[in-house]
Structures are given as structure tokens and as C-alpha cells.
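Q: output the structure for:
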Amino acid sequence: MDLHPVRVHRSKDLLPREAQLAWKIAGVAADRVAVQRDVAEMIINRIIDNAAVAIAAINRGPVVSARMMALAHPRKGGATLFGLPPARTVSPEWAAWANGTAVRELDFHDTFLAADYSHPADNIPPLLAVAQTVGASGKDLIRGLATAYEIHINLVKAICLHEHKVDHIAHLCPAAAAGIGTLLGLKQETIFQAVQQAVHVAITTRQSRKGEISSWKAFAPAHAGKLAIEAVDRAMRGEGAPNPIYEGEDSIIAWILAGRTVADREGREAVYGRDYYHVPLPAKGEPKRAILESYTKEYSAEYQAQALIDLARRMREQIEDVEAIERILIHTSHHTHYVIGTGANDPQKMDPKASRETLDHSIMYIFAVALQDGTWHHIESYTPRRASRPDTVRLWHKIETREDPEWTRRYHATDPREKAFGGRVQIFLKDGKVIEDEIAFADAHPLGARPFRREDYIRKFRTLTDGLISTREANRFLEAVQDLAAIPAGGLAALNVALPAGRLSLSPVRGIFDAPVRSAEPAAARQVARKAEAKVRTITLKRARTQKSVITGKPAKTRPGRTTRRTVARRRRG
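A: Next up is the predicted model:
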């Protein structure tokens, strides 16, 4: 693994592309190194995982909206949509939009946390959509996804976005573009341009995850996937992109990320001449194994909540009456405290009327419900009725978080055995007793009590899709995906999962894309064309009547028009 230093350069420096991060990312994507067996097996696990959570969310409002938008862009031989038969296809960027929203809606798939945050399986919808559209094979898809995971995870290791209030899809978009480049076997030059455009258009703010969190949280990665497809398409047509996108004088580092912080503190001239980031990337010929460092979720909630849900389930065995609790203090990492804890200072995180998207980013709510119920359900744990239960609200409001330097250190540790996303919990009872316990890894984590294996991914798929798809469809999908490498070119529609006819919700609300198709001709031209068409129809009808009269020997019937009535009137007067 090579470490690539990244610094800002003046335009007059004419930084060669070989020294640019985007070029090095493109080099990794263009390197046709073989994918190792355990990596390929994990890719299959994550495809199963994505399908599970997408079908579980298939009829939720945001997913229905995204699907209806996609259906307005049909394309024969395009990409499939979750829930629909494989014969119903749309343009690939819109398939990425709809399927990406379905995958992300429940906040229930894989994660990687380091300097920044990510859900690397967000790369799967855009790559699969492109693969289906171009008729790629299962092996092509595996190679592309190995690259997308590699780039995404290594960017997340090195470049912090949230510190500068930039949303984490800024790493997803270039990773997806690189993965598509590998999938299609593109040259380094083309991938280089696509990566730069992807970075340029994917910068958005973290307000999407602050305050009253809306459904955009699910749409955001789908949007990045759509942008990545468009970036690659444009680059394939020979178009360039803003360059150098990371290191330039007016680049994202210079004016949005760490360079902006330095400029604000020390002045604009201080921005140059220092290394801001060191990005790890595989050397040429080195296998791409980053996917093995990521982890999926057992529960539908922010990843930092996974271990604490397991801890709440464990600690409830020591509590006879939750009403006897005076207060609860969760000692945890900087991220957990400031993003999903009381350190966020978001009153919405304590509001029983808050959106589901807000509640799954409130560790106070999540810990309270898990402590009371001893379980977690992707639907029932978030219903308005569940959130507004008086005893839950009382307990919820007794919980606070506090940053612990040791848990922050472990959060950022580079040693996988040290890197942890848990915490220590103190439950103070009214009688003065204190119950204390801690957990480092979620049970489903590779180092947890019950690490997720293939059978766990399959169980999750069957559980989440039960009652939504037929057993036959579930078995068909699982058989196809577990033999992914054997799927031939043009056969990747087998990875779609369809609901039985009549089970898929269609939105009654119409948008711009649902408007009827109008002629591109001006109104006057359309009027002239309509008159000409009417004249042709009249002549055709007259000829048909004449031919009929010749065949039958009967005079053709005529419709008395205005002229005929006038003629009759004149004859009567005469």
C-alpha cells in the first residue's frame, strides 16, 4: 500500500497529472489485478444485504417517489428496478437513483468509519445499473465493485469531510466513477477525467444530517451514484473535467476542506507548501481488499448505535423497573457524542414527533427503546406510537452522552483490533445504585460476539423480505447471486428481486417527469400539421365510401354538411 501526500498548488505550478490524486485513483481503477476469493465472497454478501434492505423499504414513501421518477425514463435493454419484473428497464442513471434510495432508506446496510463516514455498499446500485445496461458479466461486476470499495474506503481513511461540514457522498461519487471505469475496462485517462468531474459535482453540506433530518438522507447517495454514471458517460465522449480537482488553487481542498481552515487561521498564502492528507492506495499489481475492513448492520440505525443496542439488551437483565432509573450517562467517542448524542444540541433528537430519519440518529432514543424492549425492529421501533409512549419519553429524556478521549482514540485507531465504535454506560438508580458496563464491538462486527457470516446475510434477507416476495423468488435470487462469477455477459438482470404483481405501491402524486410528452414543434406548426392530417383523413374516408359503393352497387352514404343543407333549401324555394 502506497501513501500519497496531497497538497495545494498554484495554477502557475502546472502540476503534472502523474502527481495528482485523481490520476492515481484512476491508475488503481485501470489496474486489472485479479480479485481474491474472500473479497469476491464478501461482495456477494453485500449484494445480498443491499437486496434485503431495499425490498424491506420497497413501499416506503421516498422509495416510491424515486421509483416513479425512474419509471418516467424507460429504456429498452436498460437497468432493472427493485420490485419490478426484469423486463421493465430504465436508463441506468435513473435505476441507480431509484435503487440507491431503496438501499439507503432504512439505514440498514454496510458501513466504514475512519477520518470520515461511509456506506460503501452505496456503490453497488450505480455499478449494477451500468453493468446491466452494457451487458456486462458477473466477473466484470465483481472487479468493478472491488475497485469502488477500495477507493471509497481509502478516501474515508484519509480525508475528513464532516469537520468542514461537507457530506460524505463527496467520497462516494469518485469511488463509484472509478468502479464503473474498472467495470467497463476504460483507460486511465478516461477514468481520470470521470473521477475529477465526480468530485467536482458531489460537494454538498451536512445539513442533510442535521436538525430535522428529511428523506434526502436516503436520496443523497443515490444522487451521487447518478452523478457518477453521468461523469463517466461524459468522459467516455472525450470531455475533460476541472483539473486538478483536489490540489488546484481553487480546488475543494484549498477552499472547502483543510486548506480553507488554514487560510482562515493564517491567511491565504499559508495554504501552499504543506501536506494536508496522506491517501493510502494499492500499489500496481496489489490486490484490492478494502471491502474486508467494512462491516454491516444487524439493526436499522446509525452504525455507532449498533454496539450500544447490544449493550442495552445486555444491561436490561440487571434492571427490574426502568422507572427506578434516575439518569443514564453514555461515555463514548467524539463522533457518537456530537453526531447522534446530546453533543449535537439538536432538540429534534429528543422530540417524540421527530421524523424516523431523525430518530435513527438519536442514540438517546435508541438506547431507551432497546433497554425497554430488549430488541430492535426496523419498522416497529420507529412508529410514532412507539416513540410517543410516555414511559419511553421519560426514560429517553434521562439519557445524555459525554465524549470520552479513550473512546475517541479507539474510534480513530488504525489497528483493526483497536478500532471500536462502542462506549461505556452508567445507569444511576434512584436508590443510589450504579449499574455500569461497556462494549467495544457490535455483536455482528467481525470482532464481535456473533460475527456476520454468509448464513447471517441470508437470514437477514429472508427475514426482511418475508411476506413481500415469494419463496420461489427468494430462492431464485439467492441461487443466482451466490454464483455471481458464473453469470454470463448480459445475465445480470438475475440480480433483481421482483414483488408479485399488485404488491408494489405506485405514487398518486405526479411530478414534472410524469407530464405527457409534447411535440417539440411550435404551436403554429402543430396546428398546420393537424389540419393537414384531418384533410388526409377526409380524403381517405371519401375514397373508402366510393370503393364500397362500386363493390355493393349502392350509392355511397354522404353526411349532409353545411353545403348540402344550403343546396336543399335552394331547391325547395325554386
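Q: for the rest of this, base every contact and every neighbour count on C-alpha atoms.
A: Fine.
Q: mind listing the residues bridging to residue 90?
A: Taking DSSP bridges as the rule, residue 90 bridges to residue 74.
Q: any idea how far it lies from residue 396?
A: 45 Å (Cα to Cα, to the nearest Å).
Q: now do residue 80
A: Using Cα to Cα, residue 80 is found at 42 Å from residue 396.
Q: what about these two, which has more around it?
A: residue 80 (32 against 25; other Cα atoms under 10 Å).
Q: with adjacent residues omitted, what lies nearest to that one?
A: Counting by Cα to Cα, 6 or more residues apart in numbering, residue 80 lies nearest to residue 89, which is 4.8 Å off, once chain neighbours are set aside.
Q: so who does the one you found touch?
A: Contact analysis of residue 89 by Cα atoms under 8 Å, 6 or more residues apart in numbering lists 74-81.
Q: same check on residue 203?
A: Residue 203 neighbours (Cα under 8 Å, 6+ apart): 166-167, 169-170.
Q: for residue 155, same thing?
A: Residue 155 touches 171, 279-280, counting by Cα under 8 Å, 6+ apart.
Q: which of those tops the neighbour count?
A: residue 171 (27 neighbours).
Q: by contact count, what packs against the helix or strand hosting residue 132?
A: In this structure, residue 132 is located in helix 124-134 according to DSSP states H and E. Under the contact definition 3 or more Cα pairs under 8 Å, 6 or more residues apart in numbering; DSSP states H and E, helix 124-134 sits against strand 74-80, helix 92-104, helix 138-158, helix 169-184, helix 216-236.
Q: against which helices or strands is the helix or strand where residue 474 lies packed?
A: Here residue 474 is covered by helix 471-481, with elements defined by DSSP H and E. Applying 3+ Cα pairs under 8 Å, 6+ apart, one finds that helix 471-481 makes contact with helix 37-56.
Q: not counting sequence-adjacent ones, nearest residue to residue 86?
A: Nearest non-adjacent residue to residue 86, counting by Cα to Cα, 6+ apart: residue 80, 5.6 Å away.
Q: quick one: the one you found from residue 73, how far?
A: 12 Å.
Q: overlap of the contact sets of these two?
A: Contacts common to residue 80 and residue 73, judged by Cα under 8 Å, 6+ apart, are residue 90.
Q: strands along the stretch 251-400 of the chain, start to end?
A: For the stretch 251-400 of the chain, the strands defined by DSSP state E, counting those that start in this stretch occupy 277-281, 325-332, 399-403.
Q: list of residues touching the longest one?
A: By Cα under 8 Å, 6+ apart, the residues outside strand 325-332 that reach it are 395, 398-404, 407-408, 422-430.
Q: then stretch 426-434?
A: Against stretch 426-434 from outside (Cα under 8 Å, 6+ apart): 324-330, 435-437.
Q: check the average confidence over stretch 138-153, would you?
A: The average pLDDT within stretch 138-153 is 98.
Q: ugh, typo on my part, it should be stretch 340-359
A: 94.
Q: list the buried ones in that stretch?
A: For stretch 340-359, a neighbour-count test (16 or more other Cα atoms under 10 Å) marks 340-344, 346, 348-352, 354-359 as buried.
Q: export that stretch to PDB, keeping only CA atoms.
A: Extracted in PDB, the C-alpha atoms of stretch 340-359 (Å, rounded to 0.1, in the frame of the first residue of the first chain):
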ATOM      1  CA  ILE A 340     -26.100  11.200  17.300                       C
ATOM      2  CA  GLY A 341     -25.700  12.300  21.000                       C
ATOM      3  CA  THR A 342     -26.600  15.200  23.200                       C
ATOM      4  CA  GLY A 343     -23.500  17.000  22.000                       C
ATOM      5  CA  ALA A 344     -25.300  17.700  18.700                       C
ATOM      6  CA  ASN A 345     -27.500  20.100  20.500                       C
ATOM      7  CA  ASP A 346     -30.400  19.200  18.300                       C
ATOM      8  CA  PRO A 347     -33.700  19.400  20.200                       C
ATOM      9  CA  GLN A 348     -35.200  17.200  17.500                       C
ATOM     10  CA  LYS A 349     -33.300  14.200  18.800                       C
ATOM     11  CA  MET A 350     -35.400  14.400  22.000                       C
ATOM     12  CA  ASP A 351     -38.700  15.000  20.200                       C
ATOM     13  CA  PRO A 352     -41.300  12.200  20.100                       C
ATOM     14  CA  LYS A 353     -42.700  13.700  17.000                       C
ATOM     15  CA  ALA A 354     -39.400  13.700  15.100                       C
ATOM     16  CA  SER A 355     -39.000  12.000  11.800                       C
ATOM     17  CA  ARG A 356     -37.800   8.500  11.500                       C
ATOM     18  CA  GLU A 357     -34.600   9.800   9.900                       C
ATOM     19  CA  THR A 358     -34.000  11.900  13.000                       C
ATOM     20  CA  LEU A 359     -34.800   9.100  15.500                       C
END
